[in-house]
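Trainee: any chance you could fold what I've pasted below:
(2 chains)
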Amino acid sequence: MFGLPAATVAIIFGIPAIWVIYTLVFVYLSRGWKAEDVAEDKLTAGGSGPTTSAPGHRSEPENGGMA
Amino acid sequence: MNLETWFLVIYFIAMVGIGVWTLKIGNKDSEGYLLGGRSLGPAVTALRLQSSSMSGYMFLGAGSLAYTKGYFSLWYAMGDIGGGVLNLSILGRRMRKLSQILGSLTSIEYLEHRYPSPWIRAIAAPVAVFCIFFYVMSQFIAGGRGLEMVTGIPYAWALLIAVGVIVFYTFLGGYLAVAYTDFVQAIIMLIGMVWILIGTMQAVGGWTAGNNAVGEINPNLLTMWGPDGFGSVQWGVIIGAVLVFSIGYMGWPHVNVSHMAMKRPSVARTASMYATGFNLLFIPAPYIVGIMALILLPNLDNPELAVFQVADTVLPNFAVGIVMAGIMAAIMSTADALLLQSGTIASQDLFQRFIKKDMSDSQSVWVSRFTVLILAIIGYIVAVNDPPAVAEVVIFSTTVLGAAFVPVYVAAAWWKKANVPGAISSMVLGTVSSVVWQLTGLVDVTGVDPMGIGIVCSTLALILVSLATQKSHPVPAHVVAALKETDKIGAIPAHMLTGQNDALAAQVPKDA
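Mentor: Numbers count the residues shown, from 1 in each chain, chains lettered A, B, ... in the order given. From the prediction side, this is the model:
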């Protein structure tokens, strides 16, 4: 294919494909990170500053094991 | 003045304009100057991270490697494509959150807060400044050479212009200027490189036809094993090539500071998609162009100029101007990040930490600015009088940075048992082993890349020494608490936040 040996094609397309899959898995596993933004937005709107926890706010465990 | 030069002039004016603009919109305190007020979104974060990682090497070294080694050179690209997402997914959110909890403004200061000992900064800062200074000097040289080639201006003047523009906007706008110019420069780099690739493919009659023609020169050039075939392949070099540009980024202080400047920890998630997308489009291109240069320019004297010369051959004049701006963008986006980082380390991590602890924010910013200026002048003098080879300096400095800092940055965010003796021994052993491996020629004897050796040594040192000294040097309770908070998804509780204070190595939460 493309005038290249099969091993070259497998490597130059296979490894980037692995990085794309890694990115997609990371994005999927980190989907819960939006909760962090929502918590900060609520605090900012409440005038408590962007990085101060609201009373009663409970932090969630981190999603996935990738980040 | 020719058309190419006009494009460069417009480009330079635009970069200076961004510097002036960020001076107006940016905060005037240290956090504003050094971290852009922690205000950057995913697109700027990702493209800033990628453009500052990819130096003039992508236009000079990559093309040269491809011209001489064929598809073997793409091993470097294979690691490079995943470098951004790896860095953002492993360090991004955690480093952003932990640095805010610990009150860190620089990536070296962050290490001292995580591993509370003045020795951490006393070792990390000189190693980082040393490597970064040589790295930035190589970018000055590449910028001067590029400008000389395009405009015909003598090297000394071309170098002065390139350095002058970089210093001007870094001096004015600090991190915000660097981040926004890097963002714009990443887009220019991408346009320039894709344009060259398309032009090259048209010139050789398509990728398949080009590969067939390269195969007639030497069939081994089409393999991933090098021009001498499978029998001569050095697996240690291949592993090192993949490592340098994938996990190696996680040890570069000027790249890691991107995480600390994110608007929110979650920015890392979206930024990872931008980074991978950019890398897939940009990174393989200079290697493919370099390989096709074997057909278009079979008798090239200097392979480092392969991409430049191909652009000049296959593109119309106006497009060459844009491509040259892209090349300068790659060089300048790395140089500005390095320059700001070295200025920051010198002012914040050395001067303020060890010499004048009661500096005001304004004084600190000015010390950083003057450090940028002084380093640029020294870099210019060295570069104009006795310029070393660009590729050698880049590989040497980035290898040492990676070997010295990758384990301490990763463990800082992920391993609660990583302590001060472990971090010190890791940085020292990583630096010494990678430097010795390169300087004594062990690379050629063993076929093992110094990056691989350095990373193994520094990682083992961190793990073994940390475990052996847990009782004598436990990780402080406030650091463990900060790491536990970093594990969680949620806003940082007020009592966890730590402000800047004079006793940086031993700082504790505000209300403690």
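
Trainee: ok, residue A:35 to chain B distance?
Mentor: Distance from residue A:35 to chain B, counting by CB to the nearest CB, to the nearest Å: 5 Å. Where C-beta positions appear, they are placed from N, C-alpha and C, glycine not excepted.

Trainee: SS state for that residue?
Mentor: Look at residue A:35: counting by DSSP: H, G, I helix; E, B strand; the rest coil, its state is helix.

Trainee: excluding its backbone neighbours, what's nearest it?
Mentor: Setting aside the residues directly before and after it, residue A:35 is nearest to residue B:489 in space (CB to CB, 6 or more residues apart in numbering or on different chains), at 5.2 Å.

Trainee: surely that neighbour touches residue A:31?
Mentor: No. Taking CB atoms under 8 Å as the definition, residue B:489 is not a contact partner of residue A:31, at 10.6 Å.

Trainee: give me the more crowded residue out of these two.
Mentor: Comparing residue B:489 with residue A:31 by other CB atoms under 10 Å in any protein chain shown, the one with more neighbours is residue B:489, at 21 against 11.

Trainee: ok, now how distant is residue B:454 from chain A?
Mentor: Residue B:454 is 23 Å from chain A, by CB to the nearest CB.

Trainee: so what pLDDT did that residue get?
Mentor: Per-residue pLDDT puts residue B:454 at 91.

Trainee: neighbours of it, just the number please.
Mentor: With neighbours defined by other CB under 10 Å, the count for residue B:454 comes to 32.

Trainee: looks like it contacts residue B:436 (just checking).
Mentor: No. With contact defined as CB under 8 Å, residue B:454 does not reach residue B:436; the gap is 9.5 Å.

Trainee: extract the C-alpha trace of stretch B:125-140 and format it as CSV.
Mentor: Coordinates of each C-alpha in stretch B:125-140 appear next as CSV, following Å, rounded to 0.1, in the frame of the first residue of the first chain:
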residue,chain,number,x,y,z
ALA,B,125,16.8,25.7,39.1
PRO,B,126,20.5,25.6,37.9
VAL,B,127,20.0,22.4,35.9
ALA,B,128,16.9,23.8,34.3
VAL,B,129,18.4,27.2,33.5
PHE,B,130,21.6,25.5,32.1
CYS,B,131,19.7,23.3,29.8
ILE,B,132,17.1,25.9,28.8
PHE,B,133,19.8,28.5,28.1
PHE,B,134,21.5,26.2,25.6
TYR,B,135,18.2,25.2,24.1
VAL,B,136,17.1,28.8,23.6
MET,B,137,20.5,29.7,22.1
SER,B,138,20.0,26.9,19.5
GLN,B,139,16.7,28.5,18.6
PHE,B,140,18.3,31.9,18.2
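
Trainee: any idea how far residue B:427 is from residue B:465?
Mentor: Counting by CB to CB, to the nearest Å, the gap between residue B:465 and residue B:427 amounts to 11 Å.

Trainee: out of those two, which sits in the busier spot?
Mentor: Neighbour comparison, residue B:465 and residue B:427: the larger count goes to residue B:427, with 27 against 20 (by other CB under 10 Å).

Trainee: list the residues that contact residue B:207.
Mentor: Taking CB atoms under 8 Å, 6 or more residues apart in numbering or on different chains, we find residue B:207 in contact with A:2, A:3, B:201, B:288.
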